[in-house]
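> predicted model, plus sequence, below.
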Amino acid sequence: QVQLVESGGGLVQAGGSLRLSCAASGRTSSTYAMGWFRRAPGKEREFVAAITWSSSSTRYADSVKERFTISRDNAKNILYLQMSSLKPEDTAVYYCAADRAVIVPTTLPRYWGQGTQVTVSS
């Protein structure tokens, strides 16, 4: 069992930056692939970024490439999402997720956090 708790969301102006964190707990959580997904109002949940357990590989949605960076600290069991050059269309609830398998855009990870709201004003 893996528990995930996100933090770091908030209100930011367009062009600004935020860093999301996801604290993971569970005996083997550091060996899980992890990722971020988001759900904007009235839209389906979508993939944002993912990282392998060893940080050897990362993957991003086209809409966030060059603006967002995913990273993890396995010693602290924390996943990060550094977001810069934020746009109003990045407004969404952001969810942390974990799975034993590599996370790709079509993955439905087994474990999910409760989500953290990010609002970008124009």
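Okay, I see it. Please read all numbers here as calculations on a predicted model, not as lab measurements.
> okay, CA-based contacts and neighbour counts for the rest of this
Will do.
> give me the beta-bridge partners of F37?
Beta-bridge pairing for F37 (DSSP bridges): F47, Y95.
> how near is it to S21?
Going from F37 to S21 by C-alpha to C-alpha, to the nearest Å gives 13 Å.
> next one: L86
17 Å.
> contact partners for the residue nearest to the spatial centre of the chain?
Nearest to the geometric centre of the chain sits W36, at 2.4 Å (C-alpha atoms, centre = their mean). W36 sits next to F47, V48, A49, A50, L81, Y94, Y95, C96, A97 when contact means C-alpha atoms under 8 Å, 6 or more residues apart in numbering.
> neighbour-wise, which of these leads?
C96 (31 neighbours; other C-alpha atoms under 10 Å).
> wait, what's in contact with that one?
So C96 contacts L4, V5, E6, C22, M34, G35, W36, F37, W112, G113, Q114, G115 (C-alpha under 8 Å, 6+ apart).
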